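*Asks:* Predicted coordinates and the sequence they were generated for:
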Amino acid sequence: MEQSVREPAEGSAMHELAHDPSSRKRFLKMVGGAGAAGAFSIFLAACGSDDESDTTGASTSEDSGAASTKGDLAIVNYALTLEYLETAFYQDVLKSGQVTDPKIGAAAKMILANEQEHVAALKATAEKLGGPAAKKPKTDFTSVIDAGPDKILETAATVENLGSAAYLGQADKIKSKEVLAAALSIHTVEGRHAALLNFVTGKSITPDGPFAKPASMDEVLKQVKPFLAS
C-alpha cells in the first residue's frame, strides 16, 4: 500500500527542505552527506504533518522569527523532559539490582549514557535558543521495578518506542534546520534503542512496519504521566 504523505507545515524546516533543493543539499551535509538523502526522504514520508494550523500569528518577519524560536524552544524542552524521564528510569533500574544478566546490564548502561548525552545536548540547545531549559521532573518507577525484570524490560521497550515516536511527531513543526538536524539524530538513536529492546522482549524490531508512526505531544504525555511523581 502506498504511504500517505501530508504536506509539512508551511514555514517549518521540513517544508523548506522539501521544496528548496539548495537548502536541502546544505542540510544533508549537516546530517551526514549524500548518504543521508534516502534516509531523509523516508523520514519526510513517515512524519508528514498534522491538521493543526500554524499558531504563530506572526505578521512581520521579526515577529515570525521570535515565534519560531519560541516554538522550537517549547519542542526542545518537551524532548528534554522525555530525556530526563528516560535517564531517571535507567538510573533507578540499575540501582535496583533487578538486572542480573550481564548483557542486559551492559546495554542498560550504554543506553543510560546515550540519554545523559541527549540531556546535555538539549539543555545546551534550549539555552542557545534563549532558554530557560526545562527542569528535571520528579519521577517514580517503583511499581515497575518492584514487578521484576520482565516488567522492567517491557517498560524500557515502551519508553524507547514512545521516545522515537515523540521526536517524529514534532519534526514537521521545527523551524530551525539546526534543531531539526539534532532531533533527527536523536530520533535515530532512540529508534535503535527501541529495536534492541523490542528484540529482547520478543517483539518485532519494526512494530509499525516499514514506516515509523509519529506520536503527538498529547499522546506521549498521557503515556508518561504514570511515571511522574505528584
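*Replies:* Alright, I've got the coordinates. Residues are numbered from 1 along each chain as shown.
*Asks:* so where's the longest helix in this structure?
*Replies:* helix 61-96 (DSSP state H).
*Asks:* element containing Ala194, please.
*Replies:* Using DSSP states H and E, Ala194 maps to helix 177-200.
*Asks:* buried set for that helix?
*Replies:* Using 16 or more other C-beta atoms under 10 Å as the test for burial, helix 177-200 gives 177, 179-187, 189-191, 193-198, 200. Where C-beta positions appear, they are placed from N, C-alpha and C, glycine not excepted.
*Asks:* State the mean pLDDT of that helix.
*Replies:* Taken as a whole, helix 177-200 has a mean pLDDT of 92.
*Asks:* same deal with stretch 126-135?
*Replies:* Here the average pLDDT along stretch 126-135 is 94.
*Asks:* Kindly check the end-to-end length of it for me.
*Replies:* Using C-alpha to C-alpha, to the nearest Å, one end of stretch 126-135 lies 11 Å from the other.
*Asks:* Quick check, pLDDT for the nearest residue to Val119 once chain neighbours are set aside.
*Replies:* Once flanking residues are discounted, Val119 sits nearest to Glu83: 4.8 Å by C-beta to C-beta, 6 or more residues apart in numbering. As predicted, Glu83 sits at a pLDDT of 97.
*Asks:* Mind giving me the packing neighbours of the longest helix of the chain?
*Replies:* Counting by 3 or more C-beta pairs under 8 Å, 6 or more residues apart in numbering; DSSP states H and E, the packing neighbours recorded for helix 61-96 are helix 102-128, helix 142-146, helix 149-170, helix 177-200, helix 217-224.
*Asks:* Could you list the buried residues of the first one?
*Replies:* The reference is to helix 102-128. 104, 107-108, 111-112, 114-116, 118-119, 121-123, 125-126.
*Asks:* residue contacts, the spatially most central residue of the chain?
*Replies:* Central residue of the chain (C-alpha atoms, centre = their mean): Tyr167, 2.9 Å from the mean position. Tyr167 is in contact with Ala79, Ala183, Leu184, Ile186, His187, Glu190, counting by C-beta atoms under 8 Å, 6 or more residues apart in numbering.
*Asks:* if you set the cut-off to 6 Å instead, what comes out?
*Replies:* Shown in contact with Tyr167 (C-beta atoms under 6 Å, 6 or more residues apart in numbering): Ala183, His187.
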